[in-house]
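In: Attaching a predicted model along with its sequence, questions to come.
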Amino acid sequence: MIWKSTLLTTLILHLISFEGGQSIDPDVMLKSCFPPARPSSTNINAICLYGNGRPRYPASYFPPSSHAYARRAVKAVNRLESWFEQCCYGGLSHGNGQILCCAEQAWKNSLSHFCIEEYSIKTMVHECCEKKGDERLSCFDRQAPNPSYQPMCGYNAPPDRIFSWDPNTC
């Protein structure tokens, strides 16, 4: 399954580079990255080691007046990847436990923002957003196409904005 999502993402990014992004269906692009998986002790090393190798999707990949759901979903992915970078390399010296705690907070906050944005639009919301608490988070985690956070070969992501986390909640 992992190699399929990596292959799909590679193909999509190559097509985007040839076509300027306008002929690619953004909903297809999402199948390789959304929703992101819950950070865990089994994937935290890959989250940190391969962060620059997982795709980011700038707004220019989308047609100007459609694919609002895809825009919200990739915004959540982009946000989360930048927050993971802060967790992994933002000066934490407390070991994997603190990094994992930070990554879990980033994941929860990113998906929470996604659901808030989903409900702010008068369309159908993502099925996981309709659930509450841990049930919502488990729903997103079950649907993750890349639960081990493997990188895409040859891809190097640009840096993004900063995430602030609360170490007191760990």
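Out: Sure thing, it's come through. No experiment lies behind these values; they were computed from the predicted model shown.

In: in which helix or strand would I find A103?
Out: Using DSSP states H and E, the element containing A103 is helix 96-119.

In: any idea which element P64 lies in?
Out: Per DSSP H and E, there is no helix or strand for P64.

In: re the thing from before, can you list the residues that contact the helix holding A103?
Out: For helix 96-119, contacts defined as CB atoms under 8 Å, 6 or more residues apart in numbering pick out 35-36, 38-41, 44-45, 47-48, 69, 72-73, 75-77, 79-80, 83-84, 86-88, 90, 92, 125-126, 128-129, 136-137, 140, 163, 165-167, 169-170. In short, each C-beta sits where N, CA and C put it, glycine included.

In: which stretches of the chain have low pLDDT?
Out: 1-30, 62, 65, 91-95, 152-165 (pLDDT under 70).

In: Any chance you could spot the residue sitting in the middle of the chain?
Out: The residue lying closest to the centre of the chain (CA atoms, centre = their mean) is V77, at 2.6 Å.

In: is it true that it touches R56?
Out: Yes: here V77 reaches R56: they are 7.4 Å apart, a contact under CB atoms under 8 Å.

In: With C88 as the reference, measure out to the nearest residue to C129 once chain neighbours are set aside.
Out: Of all residues not flanking C129 in the chain, C115 sits nearest, at 3.8 Å (CB to CB, 6 or more residues apart in numbering). To C88, C115 is 25 Å away according to CB to CB, to the nearest Å.

In: With neighbour numbers in mind, choose between those two.
Out: Using other CB atoms under 10 Å as the criterion, C115 and C88 rank with C115 on top: 20 against 17.

In: From C170, how far off is the more buried one?
Out: For C115, the distance to C170 (CB to CB) stands at 23 Å.
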